[in-house]
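Q: Output the structure for:
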Amino acid sequence: MTSISTLSFNTTTRTSLMRLQGEVNDLAQQMNNGGRLSDVGRTLGRLTGSAISARSVGESLKEQQTSNGILDRRLQNIEAAMTTIKDGAEGVANGLIGVSVGKEYAVMVQQAQSGLAQMTAALNTSDAGSYLFGGIQTDVQPIKTPGTTNAASVAAAHFAKFVEVSNAAAAPPRVPTGTQTAASLVTAADMTKYLNGGFTDTVSGVTYKYSELFTGRTTTGPLPLPNDPAVTAAYANWTANWSNAATDTGQSRISSTETVSSLASANNDAYRAMISGYSMLTDLGIAGLGEEARAVVLNTAATTLKSASTAITALGASVGTTRARIETANTELKRQQDIMTNTVSALEEEDVTEISTKVMNLKTQLEVAYTVTGKIQNLSLLNYL
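A: Now for the predicted structure:
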């Protein structure tokens with residue numbers, strides 16, 4: 001025989017009300033969350049792992065895009081610095097065209113010093129505390145500030161020794177008289193050798209090559225004599241007198257399959273050559289040279305600066321290509337991120353309009369249930385029977 005009582009009716013109705021109210025509360029919370037399930041694990045069950053995995057991949061893709069943005073900003077600053085360096089050198093080089101006698105050489109030297117200082121500042125550009133032209137050595141200023149090293153004195157000593165051996169090797173030896181200086185007697189031919197292939201002292205066999213002050217000793221033959229320490233110091237050259245930079249520019253990953261060079265190095269040949277061009281004007285005492293030898297220095301400096309500018313333009317184009325690769329990588333990363341976002345949304349989210357419809361339906365059911373409950377509470381067992 002089935003047992004019938006008011007208690008059983010009340011219990012059943014109360015359970016239904018609690019269930020409906022719970023569903024309404026869950027849906028209301030879901031609406032507040034923009035449609036995201038209020039309890040993902042409870043609702044998705046075994047699919048929860050898929051949602052977590054898709055969300056993790058999406059976050060990783062987003063982080064890669066952020067990292068790429070930082071790298072692109074760094075490369076943009078490198079491009080700007082390269083433009084500054086190139087424009088400054090071209091301005092100085094253009095000022096040397098057609099210069100002969102009657103020029104205010106002190107002004108020319110000042111312009112070269114200014115160009116060198118501007119170049120130094122550009123090569124010492126930093127971003128977020130990291131030097132952009134230091135290669136992988138990002139925590140040390142890559143180019144030593146002119147005036148804080150012995151670069152000028154080493155170059156002057158090296159040049160003075162060349163002047164000495166150049167005049168001594170002439171037949172007969174060139175000896176200054178009256179107001180003449182030793183430097184004023186150097187011939188254009190000897191100066192050309194010194195600034196290019198190298199001038200070799202026929203007595204000692206030592207080759208004096210100006211570019212070795214910036215690139216390292218490449219010529220053969222004995223080293224400078226031990227009693228010429230300033231000249232010998234020239235062969236410690238670039239790293240001792242100019243650069244703290246590392247040559248390795250490092251690699252940064254921009255996607256799961258691509259890496260790019262992420263930094264620049266002040267040790268690049270283009271920068272070395274440009275500094276040597278400036279130094280010809282600032283350290284070789286152009287005002288005290290003979291007219292023909294001076295013309296060689298001015299022409300060589302102009303050619304060197306322009307050639308270095310062209311090389312830096314090529315470096316800038318390479319940086320631009322890298323930035324284009326980053327942009328392409330980010331486009332693909334964003335596409336993949338959108339797929340992951342849509343996957344998560346499909347698993348964890350519902351349309352807010354649909355949720356609102358569900359809430360309205362549940363509220364209707366609640367109202368009906370409350371009405372029924374009220375009627376049941378007014379019933380007695382005698383009415384039921």
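
Q: all strands of this protein, in order?
A: 126-127, 130-131, 199-200, 207-208, 251-253, 259-261 (DSSP state E).

Q: what pLDDT does the spatially closest residue to Glu332 that is not a sequence neighbour get?
A: Excluding the flanking residues, the one nearest Glu332 by C-beta to C-beta, 6 or more residues apart in numbering is Ser255, at 6.8 Å. Just so you know, the C-beta spots here come from the backbone N, C-alpha and C atoms, and that holds for glycine as well. The predicted structure scores Ser255 at 94 on the pLDDT scale.

Q: wouldn't Ser255 be in contact with Thr331 here?
A: No - the pair Ser255 / Thr331 is not scored as a contact, 10.5 Å apart, by C-beta atoms under 8 Å.

Q: Pick out whichever of the two has more residues nearby.
A: Higher neighbour count among Ser255 and Thr331: Ser255, with 19 against 11, using other C-beta atoms under 10 Å.

Q: in the stretch 251-385 of the chain, what spans have low per-residue confidence?
A: Applying pLDDT under 70 to the stretch 251-385 of the chain picks out residues 348-356, 358-359, 361-363, 366-385.

Q: any idea how the protein splits into domains?
A: In terms of domains, the chain is parsed into 1-27+350-385, 56-336 (source: automatic domain parsing).

Q: List the contacts of Ala245.
A: Shown in contact with Ala245 (C-beta atoms under 8 Å, 6 or more residues apart in numbering): Tyr131, Phe133, Gly134, Gly135, Gln137, Val140, Pro142, Ile143, Ser265, Ala266, Asn267.

Q: Make a ChimeraX selection of whichever of those residues turn out to be buried.
A: Buried subset of these, written as a ChimeraX selection, criterion 16 or more other C-beta atoms under 10 Å:
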select :131,133,134,135,137,142,143,265,266,267
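
Q: Output the contacts of Ala245 as a markdown table; include the columns distance to Ser345.
A: Shown next, in a markdown table, are these (distance: C-beta to C-beta, whole Å):
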| residue | distance to Ser345 |
| --- | --- |
| Tyr131 | 43 |
| Phe133 | 45 |
| Gly134 | 44 |
| Gly135 | 44 |
| Gln137 | 45 |
| Val140 | 48 |
| Pro142 | 47 |
| Ile143 | 51 |
| Ser265 | 45 |
| Ala266 | 49 |
| Asn267 | 50 |
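
Q: Name the residues of stretch 56-74 that are buried.
A: Under the neighbour-count criterion of 16+ other C-beta under 10 Å, stretch 56-74 has Val57, Gly58, Leu61, Gln64, Gln65, Asn68, Leu71, Asp72, Arg74 buried.

Q: which ones among those residues are found in helices?
A: Within the buried residues of stretch 56-74, residues falling in helices by DSSP state H are Val57, Gly58, Leu61, Gln64, Gln65, Asn68, Leu71, Asp72, Arg74.

Q: so can I have TSV of those residues showing distance to Phe214 and pLDDT?
A: Formatted as TSV, those follow (distance: C-beta to C-beta, whole Å; pLDDT from 0 to 100):
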residue	distance to Phe214	pLDDT
Val57	49	91
Gly58	50	91
Leu61	45	94
Gln64	39	95
Gln65	40	96
Asn68	35	96
Leu71	30	95
Asp72	32	96
Arg74	26	95
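
Q: returning to what we had before: most packed of the domains of the chain?
A: Comparing these by mean neighbour count (mean count of other C-beta atoms under 10 Å), domain 56-336 comes out on top with a mean of 18.

Q: circling back to that earlier point, and of the domains of the chain, who's closest to Ser50?
A: Comparing these against Ser50 with C-beta to C-beta, the closest turns out to be domain 56-336 (10.8 Å).

Q: First-to-last residue distance for the closest one?
A: Domain 56-336 has an end-to-end distance of 12 Å (criterion: C-alpha to C-alpha, to the nearest Å).

Q: what's the single longest helix in this structure?
A: Determined from DSSP H, the single longest helix within the chain is helix 291-348.

Q: Mind jotting down where the helices sit in the protein?
A: So, for the chain - with DSSP H - the helices run 6-32, 40-44, 48-94, 105-123, 151-169, 188-195, 212-215, 229-232, 237-241, 269-283, 291-348, 352-377, 381-384.
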